[in-house]
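S.K.: need coordinates for the following:
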Amino acid sequence: MQQLNLPLYPLKTRDVDQKQEVFDIIRKKYILLNPEEWVRQQFIHYLIHEKNYPASLISIEKGIRVLGMQKRFDAVVAGQAGEPVALIEFKSPDVKIDQKTFEQIARYNMQLKVQFLIVSNGMKHYCCFVDYLNKTYSFLENIPDYTDLIMRD
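M.R.: Okay, here's the model as predicted:
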């Protein structure tokens, strides 16, 4: 798999029927390893090991209803009380992150109403803080540590 703009974490993999699978430490099962999954797994490890996000408070690929349609978000991070605080969208490294990507995560956020939106293709990472009180948003220079994520008003 392609080298990403993230620390490289050793992942547990296996070959099944001539396809490679990776063990997802959040879902606790093997998942088909494709470029987007490679980004997701490396980024999740980055959040856990570098940014101190508790693995137990990360959910992956859960269904939500958006504008009457069933959708599935890539990952969500919960606060200490279990409330969603960050929504994450992953793309393959060869997919350019553009306005459509942000529109997609914003649609998902209509349901969840989190304060942090994170988008990554493994090469570029973006984090946006949504200020509902002032009806504004701002891009942060870095992905916040978990403590900063849950302390922000």
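S.K.: now the end-to-end length of stretch 111-126.
M.R.: 21 Å (CA to CA, to the nearest Å).
S.K.: now that stretch: mean pLDDT?
M.R.: Averaged across stretch 111-126, pLDDT comes to 94.
S.K.: where does the spatially most central residue of the chain fall, secondary structure wise?
M.R.: Nearest to the mean C-alpha position of the chain, by CA atoms, centre = their mean, lies residue 88 at 2.9 Å. If you go by DSSP states H and E, residue 88 is part of strand 84-90.
S.K.: and that strand, how far from the chain's centre?
M.R.: 5 Å (CA atoms, centre = their mean, to the nearest Å).
S.K.: show me what contacts the residue nearest to the centre of the chain?
M.R.: Residue 88 is in contact with 43, 73, 74, 75, 76, 77, 117, 118, 119, 120, counting by CB atoms under 8 Å, 6 or more residues apart in numbering. Where you see a C-beta, it was placed from the backbone N, CA and C, and this is true even at glycine.
S.K.: C-terminal to the helix-or-strand element of the chain with minimal mean pLDDT, what's the next element?
M.R.: Within the chain, no helix or strand scores below strand 63-66, which has a mean of 69 by mean pLDDT, DSSP states H and E. Remark: after strand 63-66, the chain's next helix or strand is strand 69-72, criterion DSSP H and E.
S.K.: re the thing from before, partners of the strand holding residue 88 in the sheet?
M.R.: strand 75-78 (antiparallel), strand 116-120 (parallel) (DSSP bridges).
S.K.: looking at those, which is buried most?
M.R.: strand 116-120 (a mean of 23; mean count of other CB atoms under 10 Å).
S.K.: might one say that residue 104 is in contact with residue 89?
M.R.: Yes. Counting by CB atoms under 8 Å, residue 104 touches residue 89, with 6.4 Å between them.
S.K.: for this protein, which spans come out with low pLDDT?
M.R.: Scanning the chain for pLDDT under 70 picks out the ranges 65-67, 152-153.
S.K.: helices along the protein, start to end?
M.R.: Ranges of helices in the chain, per DSSP state H, are 35-49, 99-112, 146-151.
S.K.: quick one, which of those is packed in tightest?
M.R.: Neighbour counts (mean count of other CB under 10 Å) averaged over each of the helices of the chain peak at helix 35-49, with a mean of 21.
S.K.: elements contacting that one?
M.R.: strand 19-24, strand 58-60, strand 75-78, strand 84-90 (3 or more CB pairs under 8 Å, 6 or more residues apart in numbering; DSSP states H and E).
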